[in-house]
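Enquirer: build me a model:
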Amino acid sequence: MPVLAPSPPSATAPAAADRGVLLWERHFRDPLAAQESARAMLAEPGSDERTRGWAEITLAFNHLYFSAMPVEAEAGLARAREIFERCGDRRGQLLAEIGSSRLLIVQQAPVPARERLLAIRDEAAVLLPAEDRFWLLNALGATFFYADQVDEAIRYIYQALETLRSVDLSPQLPTVMSNLAAALVTVGDYAPARELAQDALEIQSRFNNPQLMLFARSNLAEALQGLGDHAAALATVDTMLDDATLRVARAAQNHYCAIAAEVYAFNRRFDDAARAVDLGRQIYEAYPGGYNEVNYRWAEAVLAHARDPGAGPLPVLARAVDAATRVHHVPTLCKAHALVAERASLLGNFEDAYENHKRLFAVTSERLINRASVKYDLLKFDHELRHARAERDRAERQRRESEALNRQLERLNNELSRKMREVEELQSRLASEAVHDPLTQLFNRRYLDSVVPALLSGSARRASSLAVALIDLDRFKRVNDMHGHLAGDKVLMSIGRLFSSALRPSDVICRYGGEEFCIVLPDTDGEGATVALASLADRLRATSVDWASETLTGFTFSAGIAVSPQNGQTFAELISAADRALYAAKGAGRDRLVVAPGA
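Expert: Below is the predicted model of the structure:
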């Protein structure tokens, strides 16, 4: 990758501030090349002061995230802050403050870091672009994670993920996905953690950022081990520890050493496990305290147990329990108490085994409560955030129609801010109680079941027809298999918008299943429903969805149509008839409409 070498000023050269900003924005896509460019900019005689500020903060963040000595970021952050203050560059000042807070997390001081980040959160939300706001929210999530407040950590991580939905694909997206996977592993929710980590790895492969690849792989390995997929966990760990990134102790949080030692010990590859333990010891000695000690002690204990599972008490295991207890590291406490109880039972020390089983039960119960709380919080956050956005957008439309509604806009914007705070404080009801599907924004089955009986009654009173169509996207699984679940989600969101805009306001459109939709068309017979759905099918074929560097096209659906009263007088009868017609459409080769007989 070529270095961004300094060039002499010219009429067509970008402004100095632009050079620095471009360097910063390149950093997380290709940290090595950006680091070399930053040093070149600092060595350039007479370089612009603002450019020097961006070069300094780029090098400082490189130390924080990619070097063996993150504490060396401190001086660079201080110099960058002074430059940005003199230049009046508030964006740079806020980023320097975020970097300094991240340094406090590395130095095992998450609570002071949180206070500093919360102090600038509101201003940063207004001034910083989305990719910069990501680092604020990501760091806030870390402060809660290292303070054993996993549910709060996940809320901020989820907000970071929301922030990235408005920008192009970048390394920040797999980073936040990996963070969310790590939090879900902490509460023992391994299946979604595995999916997130796998998707993060697939996206991360497009960028030259080995440290973030390491993070994603370690989360994937632990999720696989937790799910009992030991062969896949071993393959992941082999790939992880073969990486040249691990030839020196670069990270201040050696989770990957602990999971590597655990997987290797389980597979009785003791030499490889010992190598992981030794690397964990080096990292712990360089960055003592906190989770580094927990991870190192657990790696040491699990190797000792695997080498001699039937012997007496293990001092290293006792040290692992003590380290995990001091920082209340729930995942390690679960595994350590289970292992102590197992060894005590083998020795006939049933009283000690019983005590550890009680402790295991207590910490497992806490873990399950946290898992339930996390799921509750995520559903609620998504529901409330979408509702707040809808209110804001409606107010914006009203403002454009009449300046006289400015006061109402202000009230609604204040209501938006209030609702956002309520989301953060978890004072709203579960999003699952909403009547809209959160991904496509179409109605859900709950709404469909509640509204169709009234539509059927009205149709019967008017002696008019009512059509029900079941639609299934053809071969949609290929999108997920070829491009990943995030691409599939984006396609479903685009199709949801198309369906909403293509039909009449009186038609009820519902996401019925994964890629299956149900449409209720009042005052419509079989012929009218066929015309409407044929037009919808044409529009779907013309739809394209941009994903990364590709354009996804070629979408079709199969549909079955039933009509009341000919095919039934209840919703269940109509759905059954439409379902049979849908199967006929699929069996006839897909990409077609089939009307139930008699309609």
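
Enquirer: surely Tyr264 and Leu279 touch.
Expert: No: counting by CB atoms under 8 Å, Tyr264 does not reach Leu279; the two are 12.0 Å apart. Quick note: C-beta positions are derived from backbone N, CA and C, even for glycine.

Enquirer: for the residue lying closest to Arg541 once chain neighbours are set aside, grab phi and psi.
Expert: Spatial nearest neighbour of Arg541, excluding adjacent residues (CB to CB, 6 or more residues apart in numbering): Thr556 at 6.2 Å. Dihedral pair for Thr556: phi -140, psi 170, per degrees, to the nearest 10.

Enquirer: just to revisit the earlier point, neighbour-wise, which of Tyr264 and Leu279 wins?
Expert: Counted by other CB atoms under 10 Å, Tyr264 and Leu279 do not tie: Tyr264 has more neighbours, with 27 against 23.

Enquirer: element containing that one, please.
Expert: Using DSSP states H and E, Tyr264 maps to helix 255-266.

Enquirer: neighbouring contacts of that helix?
Expert: The contact list for helix 255-266, computed with CB atoms under 8 Å, 6 or more residues apart in numbering, reads 182, 214-215, 217-218, 221-222, 225, 230, 233-234, 237, 240-241, 246, 270, 272-273, 276-277, 279-280, 283, 291, 294-296, 298-300, 302-303, 305-307, 332.

Enquirer: could you redo the last one with a cut-off of 6 Å?
Expert: If you take CB atoms under 6 Å, 6 or more residues apart in numbering as the criterion, helix 255-266 is touched by 218, 221-222, 225, 233-234, 237, 241, 272-273, 276-277, 279-280, 295, 298-299, 302-303, 306.

Enquirer: which of those fall in helices?
Expert: Among those, the residues falling in helices (DSSP state H) are 218, 221-222, 225, 233-234, 237, 241, 272-273, 276-277, 279-280, 295, 298-299, 302-303, 306.

Enquirer: what does the residue nearest to Ser465 when sequence neighbours are not counted show for phi and psi?
Expert: Spatial nearest neighbour of Ser465, chain neighbours left out: Asp525 (4.2 Å); criterion: CB to CB, 6+ apart. Per-residue torsions, Asp525: phi -100, psi -170 (degrees, to the nearest 10).

Enquirer: my read: Asp525 touches Ser464, true?
Expert: No: using CB atoms under 6 Å, Asp525 is not in contact with Ser464, being 8.6 Å away.

Enquirer: of these two, which one has the most company?
Expert: Neighbour totals were compared for Asp525 and Ser464, and Asp525 leads with 18 against 14 (other CB under 10 Å).

Enquirer: would you mind measuring from the residue nearest to Arg541 to Ala537?
Expert: Here the criterion is CB to CB, to the nearest Å. By it, Thr556 lies 7 Å from Ala537.

Enquirer: the more surrounded of the two?
Expert: Comparing Thr556 with Ala537 by other CB under 10 Å, the one with more neighbours is Ala537, at 19 against 14.

Enquirer: tell me which element the more buried one is part of?
Expert: helix 526-541.

Enquirer: mind listing residues that contact the following helix or strand past that helix?
Expert: Beyond helix 526-541 in the direction of the C-terminus, DSSP H and E gives the next helix or strand as strand 545-547. For strand 545-547, the external contacting residues (CB under 6 Å, 6+ apart) are His483, Ala487, Lys490, Val491, Ser494, Leu552.

Enquirer: report the helix or strand with the lowest average pLDDT across this protein.
Expert: When the helices and strands of the chain are scored by mean pLDDT, DSSP states H and E, helix 350-401 comes last with a mean of 61.

Enquirer: mind checking which of the contacts of helix 255-266 are buried?
Expert: Neighbour counting by 16 or more other CB atoms under 10 Å classes 218, 221-222, 225, 233-234, 237, 241, 272-273, 276-277, 279-280, 295, 298-299, 302-303, 306 among the contacts of helix 255-266 as buried.

Enquirer: who touches the residue of the chain positioned farthest from its centre in this structure?
Expert: For the chain, the largest distance from the centre (CA atoms, centre = their mean) belongs to Ala463, which lies 50.4 Å off. Under the criterion of CB under 6 Å, 6+ apart, Ala463 has no neighbours.

Enquirer: where does pLDDT dip in the stretch 1-150 of the chain?
Expert: Segments of the stretch 1-150 of the chain classed as low confidence (criterion: pLDDT under 70) are 1-17, 66-68, 148.

Enquirer: what ranges does it have for its helices?
Expert: Taking DSSP state H, counting those that start in this stretch as the criterion, the stretch 1-150 of the chain carries its helices at 16-26, 31-43, 49-66, 73-87, 90-106, 110-127, 130-145, 150-164.
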